[in-house]
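Undergrad: Provided below for reference: sequence and predicted model.
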Amino acid sequence: MVSVLVERLEKVFPPNTYALRDVSVEIRDGEFLVVLGPSGSGKTTFIRCIAGLETPTKGRILFGDEPVVDVEKGVFVPPAKRNVGMVFQNWALYPHMKVFDNIAFPLKIKKLPRHEIQRRVKEVAEALEIAHLLDRYPRQLSGGQQQRVAIARALVKEPQVLLMDEPFSNLDARLRISAREFVKGLQRKLKITTILVTHDQHDAYALADRLMVINNGEVQQIGTTDEVLNNPANLFVAQFFGDPPINVVEGEGRGEYVDLGDLKIPVKAPEGKLQVGIRPTDVYVAEAPLSPNDVALPPARVKLVEYLGFTPIAVVTWGKTELRAVAYGKAAEGGTVKVFLKPEGVKLFRDGKRIR
Ligand code: ATP
């Protein structure tokens, strides 16, 4: 296995689309990095640069101590020589080949002896629990099975680095959960350095050792999922990562508190306009505070109750000010409830930048 170092990577598609700007990150040996960003943020371009399917316009990438691209020095190791396994979004299986031949394909290209190919395909197919499907064609498989074939084909070369581009997006919600568990278990077992790109924050939450959030080709934040969730670098990250989504309300800093119009939030804040971010888990409906540091807000009206999975989320209002709050206590639509705030969870932003 190997670490992957990406330094000041830039990719400009002519005439002037900056798909990546000054991207730097180190993926440690055996680490699982998830790259999360909205559509068009540069995720696919990033992973393709690592695979060697795209040539960056600036920067360098090292596998361990070996540069695989260094734009300044004119180094470019072609994809076949990079020893990476790649799983594509559409899995890209060959429809006219049986599962065995699909998996064996990278080894046949390498011209490995027949018995060696037989052994390695069987081994990887057993690990992925698809050994009984080797005689079928891709069209005779379920989505989850096809995905495992695609992963098997990526792993059969015993790559140093595993790259996955939205591998779950063709799976339904149930299969996606089991596929995530499977990929995570496999990655832990093989300890293979893995980079997975996705626009789905639930993939990131379930899989990432560390998360890199990207937008407009620029890194917004790199950290563990907890760090990114609890300590978002800016408003974009706060709004993009977190379920249920964070409350963001325009307010006015007043020194000792923030004025939201019909509600005062008791946290210190510099004077002037700002945006207040409070996760629905940091403001809650209950009979009594859950922890001694939590503060009571004035009673609120319940506008409506939604569900996140099986967790009720109350939309509570004070005049025109409205927040989504996890409901631990009873919250009936139209009723009045006690609401508590975790002051340490209140995040303040000015012009999108985090100031508290
Ligand atoms: P999605 O989630 O929609 O796949 P993404 O985050 O993977 O998006 P990229 O596919 O990396 O984003 O694209 C980043 C930017 O680069 C986009 O603005 C896209 O239009 C542009 N782009 C990607 N490939 C090319 C290309 N071959 N030629 C020109 N522009 C491109």
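TA: Yep, it's here. Residues are numbered from 1 along each chain as shown.

Undergrad: all contacts plus neighbour counts: C-alpha atoms, from now on.
TA: OK.

Undergrad: List the residues that contact G37.
TA: The contact partners of G37, taken as C-alpha atoms under 8 Å, 6 or more residues apart in numbering, are K43, T198, H199, V213, I214, N215.

Undergrad: Could you check the pLDDT of the closest residue to the last one other than its chain neighbours?
TA: If the residues on either side of it in the chain are set aside, N215 comes closest to S41, at 4.7 Å by C-alpha to C-alpha, 6 or more residues apart in numbering. Among the per-residue scores, S41 shows a pLDDT of 97.

Undergrad: residues in contact with stretch 188-200?
TA: Stretch 188-200 is contacted by residues 1-3, 27-39, 43-44, 47, 160-166, 187, 204 when judged by C-alpha under 8 Å, 6+ apart.

Undergrad: do that again at 6 Å, thanks
TA: Outside stretch 188-200, the residues that touch it by C-alpha atoms under 6 Å, 6 or more residues apart in numbering are 29-38, 161-166.

Undergrad: Give me the distance between it and the centre of its chain.
TA: 10 Å (C-alpha atoms, centre = their mean, to the nearest Å).

Undergrad: Can you tell me the element the residue nearest the centre of the chain falls in?
TA: Note on the chain: the residue nearest the mean C-alpha position is A204, at 3.1 Å, using C-alpha atoms, centre = their mean. Element membership for A204, per DSSP states H and E: helix 201-207.

Undergrad: With G272 instead?
TA: Here G272 is assigned to strand 269-278, by DSSP H and E.

Undergrad: Quickly run through the sheet partners of that strand, with directions.
TA: strand 247-255 (antiparallel), strand 347-350 (antiparallel) (DSSP bridges).

Undergrad: pLDDT of the shortest one, averaged?
TA: What strand 347-350 shows for mean pLDDT is 96.

Undergrad: Now D29: closest residue in space that isn't a chain neighbour?
TA: Closest to D29 by C-alpha to C-alpha, 6+ apart is S3, at 4.2 Å.

Undergrad: Quick one: residues contacting that neighbour.
TA: S3 is in contact with I27, R28, D29, F63, G64, counting by C-alpha under 6 Å, 6+ apart.

Undergrad: got JSON lines for the residues you listed, with secondary structure and neighbour count too?
TA: Listed next are the contacts of S3 as JSON lines, based on DSSP: H, G, I helix; E, B strand; the rest coil; neighbours: other C-alpha atoms under 10 Å:
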{"residue": "I27", "secondary structure": "strand", "neighbour count": "19"}
{"residue": "R28", "secondary structure": "coil", "neighbour count": "17"}
{"residue": "D29", "secondary structure": "coil", "neighbour count": "18"}
{"residue": "F63", "secondary structure": "strand", "neighbour count": "21"}
{"residue": "G64", "secondary structure": "coil", "neighbour count": "15"}
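
Undergrad: Which one of those residues is nearest to the ligand?
TA: I27 (18.9 Å; C-alpha to the nearest ligand atom).

Undergrad: Look at A51 and report its pLDDT.
TA: pLDDT, A51: 95.

Undergrad: okay, now it: neighbour count?
TA: 24 (other C-alpha atoms under 10 Å).

Undergrad: repeat for F240
TA: Neighbours of F240 (other C-alpha under 10 Å): 20.

Undergrad: same deal with K320?
TA: With other C-alpha under 10 Å as criterion, K320 counts 9.

Undergrad: Make 565 the starting number, not 1.
TA: Sure, I'll start numbering at 565, so the last one becomes K884.

Undergrad: got the contact list for it?
TA: No contacts exist for K884 under C-alpha under 6 Å, 6+ apart.

Undergrad: if we go to 8 Å?
TA: Residues near K884 by C-alpha under 8 Å, 6+ apart: G825, D826.

Undergrad: Can you give me the end-to-end span of stretch 591-608?
TA: 17 Å (C-alpha to C-alpha, to the nearest Å).

Undergrad: could you check whether that stretch is close to the ligand?
TA: Yes: applying C-alpha under 6 Å from any ligand atom, one finds stretch 591-608 touching the ligand at P602, S603, G604, S605, G606, K607, T608.

Undergrad: Now, of the residues you listed, which are buried?
TA: P602, S605, G606, K607, T608 (16 or more other C-alpha atoms under 10 Å).

Undergrad: mean confidence for stretch 682-700?
TA: Per-residue scores along stretch 682-700 average to 91.

Undergrad: in it, what's buried?
TA: R684, V685, K686, V688, A689, L692, I694, A695, L697, L698.

Undergrad: tell me the phi and psi of the fourth one?
TA: Going back to what we said before, that points to V688. phi -70, psi -40 (degrees, to the nearest 10).

Undergrad: list the contacts for it?
TA: Taking C-alpha under 8 Å, 6+ apart as the test, what V688 contacts is A716, L719, V720.

Undergrad: Going through the contacts of G601, which ones are buried?
TA: So, by 16+ other C-alpha under 10 Å, the buried ones in the contacts of G601 are K607, T762, H763, V777, I778, N779.

Undergrad: Which of those fall in helices?
TA: The members of the buried ones among the contacts of G601 that map onto helices under DSSP state H are K607.

Undergrad: farthest-separated two in the buried ones among the contacts of G601?
TA: Using C-alpha to C-alpha, those reach their maximum pairwise distance at T762 and N779, which is 12.4 Å.

Undergrad: what's the burial count for K637?
TA: 10.

Undergrad: where's it, which helix or strand?
TA: Using DSSP H and E, K637 falls outside every helix and strand.

Undergrad: Check the gap between it and P844 for me.
TA: 50 Å.

Undergrad: next one: P602
TA: 22 Å.

Undergrad: do I741 as well
TA: For I741, the distance to P844 - C-alpha to C-alpha - is 24 Å.
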